[in-house]
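Visitor: Sequence plus the predicted model coming up.
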Amino acid sequence: LDVPPPLPVAALRTALDVARCDAAARAEGVGLASRLGGDAAAQIPLYANINRRTRDRSPAGFGASAAHAIARGFQAVKIAPFDEVDPALRDDAEGRKALDAGIARIAAVREALGPDRRLMVDCHWRFGEALSARLVEAIRPFGLYWLECPVVEEPRQIPALAAMRKTLNAHGTLLAGLEEFTGAPAFLAYADAYDVMMPDMKYVGGVDEMLRTAEQLAERGIAVSPHNPTGPICHAASLQLCAALPGFSMLEMQLDETPLFWSLAQPGLPPVDGGFSALPAGDGLGVTLDQQAISELTTVDLRFSA
């Protein structure tokens, strides 16, 4: 039985493989996307994950973050609005109150986005069986593009996820998930459960495994939208891979959580232009970490006053 490694081990293996491929592309004097047969001139469609930048967790705070994303040119936004929900909640007064708090945030974001921009909602596996059925009905008025990770992703949940997918699809919403899985077989086990799968460049198992996973998902009509709310090096790697991925849909991007995202990579990440990004222009990944900036951030003054 091929058992995926623990997430930290998968992350280490993937990082080493990305470094290997970066070095090989640099040695050839080409960008990683070109080395993989992708289009070096590709414009990668992005969606803005505004969840962590939204420190005011009121509906108004979420709406303001969505307005900021629109001002930055994004046409698709993702939020994680269900702060009060956990899997132990039942479909009772307490559970419905927690659900309603998240729905109010969704409503505020939909109002800010207008009817035509894509809105995705990430549940972070917070729903149990009892409350998930009410969730599916509660989100219907807001025209979500997808609902993400509503329940814990275990094999026993596949039938429930498949049923939820069918209900969501009947009202024009997709079901998305699998952001922490490693290796194509792990994803394919859920082929009947999701419309969109989200392999993460940090965890998927390496460059070849990302390509293999995307190819096999695309053969089954499953869209590939890489999970990517991470730092500048992972973002650069994700951009390069997306230019070569079969079945690619759009790439996640953390939006303006910290200026460090833009300052830690040299010669710099491509700017967002109308919700799209070019690939980094250099060889390999196209960027490296700015060691001077890293040094300044990690210097600790260990002197103590008497």
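Guide: Now that the structure is in, tell me what you want to look at. Just so we're clear, the structure is a prediction, and the values are computed from it rather than from any experiment.

Visitor: Around the residue lying closest to G183 once chain neighbours are set aside, count how many other residues there are.
Guide: Using Cβ to Cβ, 6 or more residues apart in numbering and skipping the chain neighbours, the partner closest in space to G183 is G205 (5.0 Å). Bear in mind the C-beta positions are built from the backbone N, C-alpha and C, glycine included. Counted with other Cβ atoms under 10 Å, residues neighbouring G205 total 21.

Visitor: so who does G205 touch?
Guide: A10, R13, T14, D17, T182, G183, T213 (Cβ atoms under 8 Å, 6 or more residues apart in numbering).

Visitor: Then M198?
Guide: By Cβ under 8 Å, 6+ apart, M198 lies in contact with E148, A176, G177, L178, E179, V224, S225, P226, H227, E252.

Visitor: Strands of the protein, start to end?
Guide: 44-49, 76-79, 118-122, 146-148, 174-177, 196-197, 223-224, 251-254, 265-266, 276-277, 288-289 (DSSP state E).

Visitor: what helices or strands is the second one leaning on?
Guide: The contact analysis (3 or more Cβ pairs under 8 Å, 6 or more residues apart in numbering; DSSP states H and E) places strand 76-79 against strand 44-49, helix 59-71, helix 93-113, strand 118-122.

Visitor: Was I right to think N49 contacts H227?
Guide: No: under the criterion of Cβ atoms under 8 Å, N49 makes no contact with H227, lying 9.4 Å away.

Visitor: out of those two, which sits in the busier spot?
Guide: Comparing N49 with H227 by neighbour count (other Cβ under 10 Å), the higher total belongs to H227, at 27 against 22.

Visitor: Same list, the strands of the chain, but as CSV with distance to R156 and mean pLDDT please.
Guide: Output for those, formatted as CSV (distance: least, Cβ to Cβ, whole Å; pLDDT from 0 to 100):
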stretch, distance to R156, mean pLDDT
strand 44-49, 29, 98
strand 76-79, 27, 98
strand 118-122, 22, 98
strand 146-148, 20, 98
strand 174-177, 15, 98
strand 196-197, 19, 98
strand 223-224, 25, 98
strand 251-254, 27, 98
strand 265-266, 41, 94
strand 276-277, 38, 98
strand 288-289, 41, 94
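
Visitor: Identify the contacts common to N49 and H227.
Guide: E252.

Visitor: And the pLDDT at I294?
Guide: Here the pLDDT value assigned to I294 is 89.

Visitor: That one contacts A265, doesn't it?
Guide: No: contact criterion Cβ under 8 Å: I294 and A265 do not qualify, at 10.6 Å.

Visitor: So for the spatially most central residue of the chain, what's the pLDDT?
Guide: Centroid-nearest residue in the chain, with Cα atoms, centre = their mean: H227, separated by 2.8 Å. Per-residue pLDDT puts H227 at 98.

Visitor: Which neighbours do I294 and A265 have in common?
Guide: Residues within reach of I294 and of A265 at once, by Cβ under 8 Å, 6+ apart: there are none.

Visitor: more neighbours, those two?
Guide: Each of I294 and A265 has its neighbours counted (other Cβ under 10 Å); A265 has more, 22 against 11.

Visitor: That one contacts L289, doesn't it?
Guide: Yes: using Cβ under 8 Å, A265 and L289 qualify as a contacting pair, with a distance of 6.5 Å.

Visitor: Cross-check the contact I'm expecting between the residue nearest to the centre of the chain and P199.
Guide: Yes: H227 lies in contact with P199 (Cβ under 8 Å); the separation is 7.0 Å.

Visitor: okay, and the common contacts of these two?
Guide: Contact criterion Cβ under 8 Å, 6+ apart; residues shared by H227 and P199: E179.

Visitor: If you count neighbours, what's buried in stretch 58-72?
Guide: Within stretch 58-72, the residues that count as buried by 16 or more other Cβ atoms under 10 Å are P59, F62, G63, A64, S65, A66, H68, A69, I70, R72.

Visitor: Kindly report the same for stretch 202-212.
Guide: Within stretch 202-212, the residues that count as buried by 16+ other Cβ under 10 Å are K202, Y203, V204, G205, G206, V207, E209, M210, L211, R212.
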